[in-house]
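K.L.:
Fold the stuff below for me.
(2 chains)
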There are 2 protein chains.
Amino acid sequence: MTALSNAQAALIAQLRQICGLANVLTHEDTIADLSPWEQDWRKRVHGRALAVVRPGDTAQVAAVVKACAATGTSIVPQGGNTGLVVGGVPDGSGTQIVLSMTRMNAVRAVDPANLTITVEAGCVLQNLQAAAENAGFLFPLSLGAEGSCTIGGNLGTNAGGTQVVRYGNTRELCLGLEVVTAQGEVWHGLSGLRKDNTGYDLRNLMIGSEGTLGIITAATMKLYPQPAAQLTAWAAVPSMESAVQLLGLAHQRLGPGLTGFEVMGQFALSLVDKHYPQLRVPLWKDTPWCVLLENSDSESESHARNQFETLLESAMDSGCVTDAVVAETLTQAKGLWHIRESITLAQATEGLNIKHDISIPVSRIPAFVAETDALLAREVPGVRMVDFGHLGDGNLHYNVQAPEGVDGKAFLRGNEDKVNTLVFDQVKRFGGSISAEHGVGEQKVNKLPLYKDPTALAMMRAVKKALDPQNLLNPGRVLPLP
Amino acid sequence: MTALSNAQAALIAQLRQICGLANVLTHEDTIADLSPWEQDWRKRVHGRALAVVRPGDTAQVAAVVKACAATGTSIVPQGGNTGLVVGGVPDGSGTQIVLSMTRMNAVRAVDPANLTITVEAGCVLQNLQAAAENAGFLFPLSLGAEGSCTIGGNLGTNAGGTQVVRYGNTRELCLGLEVVTAQGEVWHGLSGLRKDNTGYDLRNLMIGSEGTLGIITAATMKLYPQPAAQLTAWAAVPSMESAVQLLGLAHQRLGPGLTGFEVMGQFALSLVDKHYPQLRVPLWKDTPWCVLLENSDSESESHARNQFETLLESAMDSGCVTDAVVAETLTQAKGLWHIRESITLAQATEGLNIKHDISIPVSRIPAFVAETDALLAREVPGVRMVDFGHLGDGNLHYNVQAPEGVDGKAFLRGNEDKVNTLVFDQVKRFGGSISAEHGVGEQKVNKLPLYKDPTALAMMRAVKKALDPQNLLNPGRVLPLP
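P.N.:
This is a model prediction of the structure:
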């Protein structure tokens, strides 16, 4: 254990004055285990923080940033620490502070007539959903980690989830932000306005910047009327082309009622069936792909059911669906979603695998999958494709499982780089993105120069230098260290 | 007429090499009248250009910018020149070039399965709408100038219009951009992706930057399924509070079917009745406010009508609507919209007036209007309020007409500054924006420091300096000259 320098000790004393003794945790003077803040969700990296600082309000965040800026101490903002790309934990140097936002978790205001809710960054997504529901509204952002992730982290990473096809990503759900800049100034940008053309879009610049341009301390988010009914269907489709055709039909027939459109490959479903037989996966045995559809209706359940049945009949007539079921009860609907959500666990149970979170224009997905499946089969014989994802948004979790009987660890060691390059090169060729919803973090920071437009990268560097000239905020994430 | 310097003459020769002789117009060597490019839409400013340059493709735009950067010549990008805040015409110095994008007007691609269309910046909005319709889709951006304005201008100013309540502003309709930077580099950011978390949101940074951060040369825009039916209703409401209540009810009952919600004050409608009696304004005589509602249905006309009738019945039961009509035919619906759109002309016929394009959180609009009406009546006795706007987005065109019988010109001379300050101070007090949809341009550039958060302004300046260090792109717009 390295002893603190005098400057570091002085900084920690100052941070304790700002946030209170109990809210600055260090390795030196507490018995606390800092692992929860130092280790990423998927336990791939365990850094070492100079201190974990837990501010209680925006003024404290600003004062912490000013103290850090004065001493050249870099800051890693952290929400629920559920990120998947190593963007929210400190490096191993022991010189960075983790700024944990979880104490700032208040719902500041609900404005029903304006359809907005204002919350602090550390508010857990599930609590935000509940606050919306208690006020009689829907906050539509929904994702696996919703019980732990915070809205600040969702904003920082522009999180996606399962209802993007209708409501967009976190970006589209935000109207205003309160942000502490790298200089420790507060931007009071909490706005409930749906129209404001008074200058550059700093809000969207901050959203998705993974804490590298400013620290989001609060946000005003959109609310929606709760749907009168939400129905779920499960359809077998004979090909990915048919899945895309069904999506077009669903857009046409359901309009904005279409709130979910997930695709799942046969092997992915076979893993669920193998490891969770009690879930009773429907229709998967005789079809290469299944689709999960959700229809949210502002009218009534019978209306929604009618619409769904008309859609599925016409899809079967046109041959893009071979068989389908519509959930009869909420329990059945939840069961169908549970199958979809169990794919990740089922493939983990099956063994380690190489994960991708990619997006492709929807129209090109069938060709992408056919070509890339064939390419991988050729280059890495025996691999098994765990393909599933949010087809409505063009977002695939295109995961590569070791060949049957091959040890996952050995497979990853020998093939991960090769498989990543094969897949990402294909993604680029098809006009896609190598990170659809998880972000860049540390994990993909060195991939960006290979796959991102160089002019865009140059602009990103210029913006980062302009807003954070000392490179204090989450350095080495999104953009490589200079 | 001042003679060109040698450097200017050399630049013009170079621009002619790049774009072709016929596509660089100057005062010196053509008999062309450059007024259409030098004078703003509302004819308040007539600048003088060094040259009007009309590039034919993106490579030409990049070469023009490089030539201008090398000589320190500033560039004013221009689309259809229909902007309302003097953002697209040159200053009076005769040293700036106008970069007119209207020759780059191609529809590059339609991708039905991806629900996208890719067009060049100079494509006229109406032509873009038509291209979408021909492919069987809806491009929902719609505004008064759609026959002349270009999508590049719509993006540069983040234009709003009449369907924002459902589809958002131009920003929300865009998925990707091609942009020429201030250094003359091309950012190939035309993306048809709905999810892409690989770095900072440069797309939204460019959108709404009014040509001060880069030159948009092409864009990939979202398409939507065409609604099966679109119905229009007109309702008399007893107060602005009731209008807000009706909006909440409409959101609840129609869900995303609600595509238009316009409010119109009695005096505004009386002007339409006075100057265009043939339009037969309904229901206005006995009510302070009328509301125009539009319901777009993915199912059928009878379904839409049913929904509308249920909504209006329940609104009448609850007292927030006193009387209402639903258009029986498309002609009737168009007639109702025509009345709404005639307010601007009717007030112009009545005389000069002081226009505002403001937004306020919807929940606070009733109090804002009551207080500000009273304030103005006190401070500028006799003024007549022409209030109307997109209540669904919190956007009011809160216009102030001279007292009856008072000459408009004299009224503006004596009162414009005072009225602007009174209104804008109120807007600030109510958490609103002094430019909801028209932008900043030159017209409001000196107001921004008074009404915009100072930290946001500082970040805007830093971003501008980072991306356009020579201040070549539309200098003095959005941000004041340094």
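
K.L.:
Low-confidence ranges, the stretch 1-150 of chain A, go.
P.N.:
A:1-2, A:30-31 (pLDDT under 70).

K.L.:
Which residue does it have closest to chain B?
P.N.:
Of all residues in the stretch 1-150 of chain A, residue A:113 sits closest to chain B, at 3.6 Å by C-beta to the nearest C-beta. (Each C-beta comes from the backbone N, C-alpha and C, glycine too.)

K.L.:
With residue A:192 as the reference, measure out to the closest residue in space to that residue that isn't next to it in sequence.
P.N.:
Leaving aside its sequence neighbours, residue A:113 sits nearest to residue B:363 (C-beta to C-beta, 6 or more residues apart in numbering or on different chains; 3.6 Å). Per C-beta to C-beta, to the nearest Å, residue B:363 is found 8 Å from residue A:192.

K.L.:
which residues are common contacts for the two?
P.N.:
Any residue near both residue B:363 and residue A:192 by C-beta atoms under 8 Å, 6 or more residues apart in numbering or on different chains counts here, and that gives A:111, A:114.

K.L.:
neighbour-wise, which of these two wins?
P.N.:
Neighbour totals were compared for residue B:363 and residue A:192, and residue A:192 leads with 25 against 17 (other C-beta atoms under 10 Å in any protein chain shown).

K.L.:
State the distance from the more buried one to residue B:434.
P.N.:
As judged by C-beta to C-beta, residue A:192 and residue B:434 stand 16 Å apart.

K.L.:
Okay, domains of chain A per the record?
P.N.:
Domain ranges of chain A: A:6-100, A:107-225, A:229-429, per automatic domain parsing.

K.L.:
next one: phi and psi at the most centrally placed residue in chain A?
P.N.:
Closest residue to the average C-alpha location of chain A: residue A:159 at 3.5 Å, with C-alpha atoms, centre = their mean. For residue A:159, the backbone dihedrals (degrees, to the nearest 10) come out as phi -60, psi 150.

K.L.:
Who are the contact partners of it?
P.N.:
The contact partners of residue A:159, taken as C-beta under 8 Å, 6+ apart, are A:141, A:143, A:149, A:153, A:169-170, A:437.

K.L.:
Kindly report the same for residue A:355.
P.N.:
If you count contacts by C-beta under 8 Å, 6+ apart, residue A:355 has them with A:397, A:399.

K.L.:
Give me the pLDDT for it.
P.N.:
For residue A:355, the model assigns a pLDDT of 94.

K.L.:
Can you pull the phi/psi pair for it?
P.N.:
phi -100, psi 140.

K.L.:
Kindly report the same for the one 4 residues further on.
P.N.:
Note on residue A:359: its backbone torsions stand at phi -130, psi 150 [degrees, to the nearest 10].

K.L.:
Which one (most neighbours) among the contacts of residue A:159?
P.N.:
For the contacts of residue A:159, neighbours tallied by other C-beta under 10 Å; top is residue A:153, 31 neighbours.

K.L.:
Surely that one is in contact with residue A:79?
P.N.:
Yes. Contact between residue A:153 and residue A:79 holds when scored by C-beta atoms under 8 Å: they sit 2.9 Å apart.

K.L.:
Residues that sit against both of these two, list them.
P.N.:
Common contact partners of residue A:153 and residue A:79 (C-beta under 8 Å, 6+ apart): residue A:88.

K.L.:
chain center to stretch A:374-393: distance?
P.N.:
21 Å (C-alpha atoms, centre = their mean, to the nearest Å).

K.L.:
Same check on stretch A:369-389?
P.N.:
Mean-position distance between stretch A:369-389 and its chain equals 24 Å (C-alpha atoms, centre = their mean).

K.L.:
In that stretch, which residues are buried?
P.N.:
Within stretch A:369-389, the residues scored as buried using 16 or more other C-beta atoms under 10 Å in any protein chain shown are A:369, A:372-373, A:376, A:380, A:383-389.

K.L.:
With stretch A:398-411 instead?
P.N.:
A:398-402, A:406, A:411.

K.L.:
Equivalent analysis for stretch A:54-69, please.
P.N.:
For stretch A:54-69, a neighbour-count test (16+ other C-beta under 10 Å) marks A:54-55, A:58, A:60-69 as buried.

K.L.:
which ones among those residues are found in helices?
P.N.:
Judged by DSSP state H, those include A:58, A:60-69 as members of helices.

K.L.:
before we move on, the earlier item: just say which of the domains of chain A is most tucked in.
P.N.:
Stretch with highest mean neighbour count among the domains of chain A: domain A:107-225 (a mean of 23; mean count of other C-beta atoms under 10 Å in any protein chain shown).

K.L.:
pLDDT of stretch A:319-326, averaged?
P.N.:
If you average the pLDDT over stretch A:319-326, you get 97.

K.L.:
Is it in proximity to chain B?
P.N.:
No. Contact of stretch A:319-326 with chain B (C-beta under 8 Å from any C-beta of the partner chain) is absent, the minimum separation being 12.1 Å.

K.L.:
Distance from the chain centre to that stretch, please.
P.N.:
30 Å.

K.L.:
repeat for stretch A:224-243
P.N.:
Offset of stretch A:224-243 from its chain centre (C-alpha atoms, centre = their mean): 21 Å.

K.L.:
okay, that stretch in CSV with CA atoms only?
P.N.:
Below are the C-alpha coordinates for stretch A:224-243, written out as CSV (Å, rounded to 0.1, in the frame of the first residue of the first chain):
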residue,chain,number,x,y,z
TYR,A,224,-46.0,9.6,-21.1
PRO,A,225,-49.6,8.6,-20.6
GLN,A,226,-49.8,5.0,-19.3
PRO,A,227,-51.1,2.7,-22.0
ALA,A,228,-54.6,1.3,-21.4
ALA,A,229,-53.3,-2.2,-22.4
GLN,A,230,-50.1,-3.8,-23.3
LEU,A,231,-50.1,-7.1,-25.2
THR,A,232,-47.3,-9.5,-26.1
ALA,A,233,-47.1,-11.9,-29.0
TRP,A,234,-44.5,-14.5,-30.0
ALA,A,235,-44.1,-15.4,-33.6
ALA,A,236,-42.1,-18.0,-35.5
VAL,A,237,-40.5,-16.6,-38.7
PRO,A,238,-38.9,-18.6,-41.4
SER,A,239,-35.9,-16.2,-42.0
MET,A,240,-34.4,-13.0,-40.9
GLU,A,241,-35.8,-11.4,-44.1
SER,A,242,-39.3,-12.4,-42.8
ALA,A,243,-38.5,-10.9,-39.5
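
K.L.:
residue boundaries of the helices in the stretch 251-400 of chain A?
P.N.:
With DSSP state H, counting those that start in this stretch as the criterion, the stretch 251-400 of chain A has helices at A:266-275, A:301-317, A:330-350, A:365-379.

K.L.:
Mind giving me the packing neighbours of the longest one?
P.N.:
For helix A:330-350, the contact count by 3 or more C-beta pairs under 8 Å, 6 or more residues apart in numbering or on different chains; DSSP states H and E identifies strand A:229-237, strand A:258-265, helix A:266-275, strand A:289-297, strand A:384-390, strand A:395-401 as packing neighbours.

K.L.:
could you check the angle strand A:384-390 makes with it?
P.N.:
Here helix A:330-350 runs at an angle of 140 degrees relative to strand A:384-390 (axes from the mean of the first three to the mean of the last three C-alpha atoms, to 10 degrees).

K.L.:
and for helix A:330-350, what are the contacting residues?
P.N.:
So helix A:330-350 is contacted by A:144, A:162, A:230-232, A:234, A:262, A:264, A:268-269, A:271-272, A:274-276, A:279-282, A:292, A:327, A:353, A:386, A:388, A:397, A:399, A:401 (C-beta under 8 Å, 6+ apart).

K.L.:
Please repeat the previous calculation with a cut-off of 6 Å.
P.N.:
In this structure, residues lying in contact with helix A:330-350 by C-beta atoms under 6 Å, 6 or more residues apart in numbering or on different chains are A:232, A:234, A:262, A:268, A:271-272, A:275-276, A:279, A:281, A:292, A:327, A:353, A:386, A:388.

K.L.:
so which of those residues comes closest to residue A:85?
P.N.:
Nearest to residue A:85 out of the contacts of helix A:330-350 is residue A:353 (C-beta to C-beta; 16.5 Å).
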